[in-house]
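J.: how would this look folded up:
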Amino acid sequence: MTRPLSLHPDRLFPSDPLPRAIARRLYAEVADLPIISPHGHTDPSWFAGNAPFGNAAELLLHPDHYVFRMLYSQGIALDALGIGNPDADPRESWRLFAQNYHLFRGTPSRMWMDWVFAEAFGFDVQFSSETSDHYYDRITEALATDAFRPRALFDRYRIEVIATTESPLDTLDHHRVIKDANVRGEWGGRVITAYRPDPVVDPEYEGFRDNLARFSDISGEDAFSYAGYLAAHRNRRAFFAGMGATSTDHGHPTAATADLSDAEAEALFVRVTRADVSATDAELFRAHMLTVMAGMSRDDGLVMQIHPGAYRNHNPWLFAHYGRDKGADIPTRTDYVRALRPLLARYGNEAGLTIILFTLDESSYARELAPLAGHYPALKLGPAWWFHDSPEGMRRFRAQTTETAGFYNSVGFNDDTRAFLSIPARHDVARRIDCGFLATLVAEHRMEEWEAAELAVDLSYNLAKAAYRL
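T.: Next up, the predicted model:
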């Protein structure tokens, strides 16, 4: 039995008529603003080569770990979904997704995906086992047209800038192709990189010593001496900045920071570059390097993002068979007040430095993060992220941080996605939630509507653009 698919124009707005009417007016002012996507994991090769996406599964299923982790949780093998299995039939993988689409009821993935189905591809019947082939054929046929090539979609959804995320070991060849296309006037889309040094900062990262050897080769510095190692970072940061980067990104297990003397740091570096590095030394080195990276950001102007609190690759079997980023990272409890004090004691008062803090531990919003960002000039709050990138998560974030940090110590929204078409879908959700939150403040006479209208634009566009120096 097929059912109609439609997106209600008042979705995510308050149910009470008065704030709902205000939210409509606010949303009308921001719905068509350009998208600033300052942190994400889209593949730069899409925009460099501008090759068509192959089929529905390749575009919407394979890159989206939010989707396949839910399916995996219900016992569906990743091989059958085509994850890490190039021999899987994409139509059959898509049918599995369709047969189990009911699993996503009430989740943000369902909202994002329905938006893509209705807005991007014009479907008016719901995705299901009965409509699976209809969806697959129509999407795949559309993807073969020029209108659905990556650059055309970038332009269609008014994306002003996307920042991808690359390791210092990346040669950024795809970004070079994009820059050359910009210079030649072939395409005006702005796709920049961000410096993610985890593979050469975390001694417990797989292949750390091999990564340091590659770091030496690509930077021309001796990354096995502490002085050469720091010089290699400065070298690669400058290269990334030259390729358009305005930010760095640090995905550490915890928010721990340390401020070691040069002698202590050199001795620690000797220990962590050995094959038998201890967990204690690895954590201390990561902590020290966050402070070092903050100092480098002060010097070179790159905005620093800290994304702590994920227990990476919690499922050892899955990691062994499929590798990183397959939906098995789990949030952990995170301390910020004590953990960040060494870094903030040294650099927190630097008004010219921007450090954006993210969390997967919502209990820290009101107790730790909002008071820290509401005091230190260098700190800003990143938006509700990852597991909390949802209507409820966004509302909790605003409710728990605004009274202490205000709106202007936050940085708007970023989508943090590998699934290209979920970018406009996610930004639409964020804009609707923020307009609903602001409308309630107006309805309660805590804010004038003209102020809320200004704030809606700031939260949707201006804050991210300013914070990330775009």
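J.: next, count neighbours for the nearest residue to residue 410 once chain neighbours are set aside.
T.: Spatial nearest neighbour of residue 410, excluding adjacent residues (C-beta to C-beta, 6 or more residues apart in numbering): residue 381 at 4.5 Å. (Each C-beta comes from the backbone N, C-alpha and C, glycine too.) When neighbours are defined as other C-beta atoms under 10 Å, residue 381 has 25 of them.
J.: equivalent analysis for residue 262, please.
T.: For residue 262, the number of neighbouring residues by other C-beta under 10 Å comes to 9.
J.: again, but for residue 252
T.: Other residues within reach of residue 252, judged by other C-beta under 10 Å, total 22.
J.: give me the distance between it and residue 21.
T.: Using C-beta to C-beta, to the nearest Å, one gets 45 Å for the distance from residue 252 to residue 21.
J.: the residue nearest to residue 410 contacts residue 409, doesn't it?
T.: Yes: contact criterion C-beta atoms under 8 Å: residue 381 and residue 409 qualify, at 6.0 Å.
J.: intersection of neighbour lists for those two?
T.: By C-beta atoms under 8 Å, 6 or more residues apart in numbering, residue 381 and residue 409 have these common neighbours: residue 373.
J.: residue 305 looks like it's in a strand, true?
T.: Yes: according to DSSP: H, G, I helix; E, B strand; the rest coil, the state of residue 305 is that of a strand.
J.: quick thing: my sequence starts at 33, can you match it?
T.: From this message on, residue numbering opens at 33, which makes the last subject residue 337.
J.: identify the bridge partners of it.
T.: Beta bridges link residue 337 to residue 281, residue 388, judged by DSSP bridges.
J.: residues contacting it?
T.: Applying C-beta under 8 Å, 6+ apart to residue 337 gives the contacts 71, 226, 279, 280, 281, 282, 387, 388, 390, 414.
J.: can you tell me how far residue 93 sits from residue 37?
T.: The span separating residue 93 from residue 37 equals 18 Å under the rule C-beta to C-beta.
J.: more neighbours: which of the two?
T.: Using other C-beta under 10 Å, the more surrounded residue of residue 93 and residue 37 is residue 93, with 22 against 16.
J.: quick one, domains of this structure?
T.: If the domains of the chain are taken from automatic domain parsing, they occupy 49-83+181-499, 84-180, with pieces of a single domain joined by a plus sign.
J.: quick one: average pLDDT of the last one?
T.: If I follow you right, that is domain 84-180. The average of the pLDDT scores along domain 84-180 is 97.
J.: and it, how far from the chain's centre?
T.: Relative to the mean C-alpha coordinate of its chain, domain 84-180 is positioned 21 Å out (C-alpha atoms, centre = their mean, to the nearest Å).
J.: pLDDT-wise, what's the bottom of the contacts of residue 337?
T.: In terms of pLDDT, the lowest of the contacts of residue 337 is residue 71, showing 93.
J.: mind listing the strands for the protein?
T.: 67-69, 191-195, 222-224, 279-282, 335-338, 342-343, 362-363, 387-389, 411-413 (DSSP state E).
J.: so what touches the second one?
T.: Going back to what we said before, that points to strand 191-195. With C-beta under 8 Å, 6+ apart as the contact definition, strand 191-195 has outside contacts at 66-72, 74, 79, 186, 221-226, 277-279, 455-456, 497, 500, 502.
J.: any idea how far residue 419 is from the most centrally placed residue in the chain?
T.: With the centre of the chain defined as its mean C-alpha position, the nearest residue by C-alpha atoms, centre = their mean is residue 448, 1.8 Å away. Distance check for residue 448 against residue 419: by C-beta to C-beta, it reads 11 Å.
J.: please apply the same query to residue 344.
T.: The gap separating residue 344 from residue 419 is 14 Å, by C-beta to C-beta.
J.: same question, residue 451
T.: The spacing between residue 451 and residue 419, counted by C-beta to C-beta, is 16 Å.
J.: so which of these two has more stuff around it?
T.: Between residue 451 and residue 419, counting by other C-beta under 10 Å, residue 451 is the more crowded of the two (25 against 15).
J.: check that one and give its pLDDT.
T.: pLDDT, the model's per-residue confidence, is 92 for residue 451.
J.: just give me the neighbour total for residue 256.
T.: Burial of residue 256, expressed as a neighbour count using other C-beta under 10 Å, amounts to 16.
J.: how about the contacts made by residue 406?
T.: The contact partners of residue 406, taken as C-beta under 8 Å, 6+ apart, are 436, 437, 438, 441.
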